[in-house]
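Colleague: What follows is a predicted structure for the sequence shown.
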Amino acid sequence: MKSLPQWLGDTFAYTCRDQSLFETALTHRSAGGAHNERLEFLGDAVLNGVTASLLYHTFTSASEGELSRYRATLVSGESLAALAGQYQIGERLKLGPGELKSGGYRRKSILADTLEAILGAIYLDSSYTEVAAVIERMFAERLHQLPQAAQLKDPKTQLQEALQSRSVAIPDYVVEAITGQPHEQHFRVSCKVPSLALQTRGEGPSRRAAEQAAAELLLVQLKSSWAKRRSDDSI
């Protein structure tokens, strides 16, 4: 395996000064001792600031809401986990025995958090200008592959707008179950539209993720129901 400085140079085109910062960035709290949560906090803030600036200057006619959707897409957990996988961050993670046995080095949330921690370490090790350059390189290709902003609305927003366009009350979301350990919870949420007698259930690693999954399923039901109604009306 490459040395840490060599890996940072090859992966991020970055030359580290204080290697200990990056050792901490690659250490999960389950390993005990100094871990990466504070660096993750810092990296998340830097990442959001840099991507906001990138989007502002790239999409000069986009509204605030459109820019927010673009940023949410670029820095989503899925997006960051995909990049972390591409950079083989999981192979360098320091995990506790429990996380190691449960496959924590593959868990998307851990990979995404670790990538943010590395960005936090780069910021502390150098400057805002240097970490911004790293982030710009990271997202250069994805930035120019973003779809139209209207296509980036999350399922909950799409569902709410679809219902409101027909003067139907917004859906009710109810948490039905929360399972798992505090650091690895799993949620089941129902989404109901009583006036249309429609209901779905979604699951995910967070309440938000479960709500989005349920909303996406209900959108499918809703479109199917409206399509059938239009077909019946035309007979």
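Modeller: That came through, no problem.
Colleague: Point out where this protein drops to low pLDDT.
Modeller: Within the chain, the set of residues satisfying pLDDT under 70 comprises 149-152, 228-235.
Colleague: All the helices of it, residue numbers only.
Modeller: Counting by DSSP state H, the chain has these helices, from start to end: 4-12, 19-25, 37-58, 64-74, 77-86, 97-101, 108-125, 128-143, 155-164, 207-234.
Colleague: Format those helices as a markdown table; extra columns: mean neighbour count.
Modeller: Where you see a C-beta, it was placed from the backbone N, CA and C, and this is true even at glycine. Written out in a markdown table, the entries for those read as follows (neighbours: other CB atoms under 10 Å):
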| stretch | mean neighbour count |
| --- | --- |
| helix 4-12 | 16 |
| helix 19-25 | 19 |
| helix 37-58 | 18 |
| helix 64-74 | 17 |
| helix 77-86 | 17 |
| helix 97-101 | 13 |
| helix 108-125 | 24 |
| helix 128-143 | 16 |
| helix 155-164 | 16 |
| helix 207-234 | 15 |
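Colleague: Those helices: which one's closest to S190?
Modeller: Using CB to CB as the measure, helix 207-234 is the one of the helices of the chain that comes nearest S190, at 6.4 Å.
Colleague: between the closest one and helix 155-164, how big is the angle?
Modeller: Here the directions of helix 207-234 and helix 155-164 differ by 30 degrees (axes from the mean of the first three to the mean of the last three CA atoms, to 10 degrees).
Colleague: which residues are contacting stretch 17-26?
Modeller: Contacts of stretch 17-26 from elsewhere in the structure, counted by CB atoms under 8 Å, 6 or more residues apart in numbering, are 4-5, 8, 16, 34-36, 39, 89, 92-94, 114, 117-118, 120-121, 124-126.
Colleague: if we can go back for a sec, any chance of the helices of the chain in JSON lines, with distance to S195 too?
Modeller: Converted to JSON lines, the helices of the chain look like this (distance: least, CB to CB, whole Å):
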{"stretch": "helix 4-12", "distance to S195": "52"}
{"stretch": "helix 19-25", "distance to S195": "50"}
{"stretch": "helix 37-58", "distance to S195": "38"}
{"stretch": "helix 64-74", "distance to S195": "28"}
{"stretch": "helix 77-86", "distance to S195": "33"}
{"stretch": "helix 97-101", "distance to S195": "45"}
{"stretch": "helix 108-125", "distance to S195": "36"}
{"stretch": "helix 128-143", "distance to S195": "40"}
{"stretch": "helix 155-164", "distance to S195": "9"}
{"stretch": "helix 207-234", "distance to S195": "12"}
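Colleague: Many thanks, have a good one.
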